[in-house]
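**Q** Sequence first, then the predicted structure:
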Amino acid sequence: MRVKTEAKREAIVQVASEVFRELGFEGASMVEIAARVGGSRATLYGYFSAKEELFVAAMHSAAKRHFEPIFAALGQEDDDDLERVLQRFGEKVLAVVCSQEVIQAHRAVIAESGRSDIGRRFFEGGPKKGLEEVSGFLERQMRKGRLRTADPVAASHHLMALLHSETVTPCLLGIQGPLTRKVLREATQRALQVFLGGYTSEGKVVE
C-alpha cells in the first residue's frame, strides 16, 4: 500500500493548476493530469476522489498564495487613516480577482455549481475565509469608533460587493477585459465613498 504524502499532494495540485489554466475545467481530464504528474489515475484518485475536488484544491492553493499576504497586511494595519488602509486593500484584492486566471476559474465554478457542490466547497474554502478576515478588521474599527456600530459580517459583504460591482462583475460577463491600475484605483475610490458614507458618521471616518 502506497503512503500518501503532503509533498505528493502539493505536486498534484500544482500540475492540475497548470492543466486547468491551459484547458479549462471542462477540457481538463484526470487522465491528462495523471500523465503530467507521472503516475497512474489510481494514484491520483487516491488523493482526490473527483476532478471537482482537485479543481477546488487548485483554486484554494492559488487563493492562499495570492490572498494570504493581503489579509495578513490588513490585520497588521495601524494606520489611523481608515480610508487609506481600505484603499490599499481594495486595490490589491481587485488586482487579483480581476486577473484573467481568477476570472476564468470563477466562470468554471459558476458553470459547474448547478451540477455539483463545487460552488459550496469553493466558497467555504476561499471567499468565506476572506470575508471573515474583512469582518474581523471592520469589527475592530467599530470598537475604535472609526465606523458606526453595525453587523461586521454584513458590512464585509457590503464592502466586497461594492468593490466587485464595477470590476469583477463586468469581467465575469466579458463586458470588460483586463483592467488597468488606474481603473482599479478609481473603482476602489468610488466603492469606498459609498461604503464609508453608509458606515461612518456623516460619511467621515472618526479619528
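**A** Good, I have the coordinates.
**Q** burial of Glu10, as a residue count?
**A** Other residues lying near Glu10 total 12 when counted by other Cβ atoms under 10 Å. Glycine gets a C-beta too; all of them are placed from N, C-alpha and C.
**Q** And the closest residue to it other than its chain neighbours, how far from Gln14?
**A** Counting by Cβ to Cβ, 6 or more residues apart in numbering, Glu10 lies nearest to Ser61, which is 7.7 Å off, once chain neighbours are set aside. Between Ser61 and Gln14 the distance, using Cβ to Cβ, to the nearest Å, works out to 8 Å.
**Q** Ok, Gly90 next?
**A** Where Gln14 is concerned, Gly90 sits at a distance of 29 Å (Cβ to Cβ).
**Q** per-residue confidence for the nearest residue to Gln176 once chain neighbours are set aside?
**A** The shortest distance from Gln176 to any non-neighbouring residue, by Cβ to Cβ, 6+ apart, is to Pro170 (4.2 Å). In this prediction, Pro170 carries a pLDDT score of 92.
**Q** if I read this right, Ala111 contacts Phe25, doesn't it?
**A** Yes. Counting by Cβ atoms under 8 Å, Ala111 sits close enough to Phe25 to count as a contact (7.4 Å).
**Q** Name the residues of the helix ranked longest in the chain that are buried.
**A** For the chain, the longest helix by residue count, based on DSSP state H, is helix 51-76. Within helix 51-76, the residues scored as buried using 16 or more other Cβ atoms under 10 Å are 51-63, 66-67, 70-71, 74.
**Q** mean confidence score for that helix?
**A** Taken as a whole, helix 51-76 carries a mean pLDDT of 85.
**Q** centre of the chain versus it, how much separation?
**A** In terms of Cα atoms, centre = their mean, to the nearest Å, the centre of helix 51-76 is found 7 Å from the chain centre.
**Q** From the contact counts, what lies against it?
**A** helix 6-27, helix 30-37, helix 82-97, helix 100-113, helix 118-125, helix 127-143 (3 or more Cβ pairs under 8 Å, 6 or more residues apart in numbering; DSSP states H and E).
**Q** Tell me which residue is most central in this structure.
**A** Computing the C-alpha centroid of the chain and ranking residues by Cα atoms, centre = their mean puts Pro127 first, at 5.2 Å.
**Q** Need the per-residue pLDDT for that one.
**A** For Pro127, the pLDDT comes out at 89.
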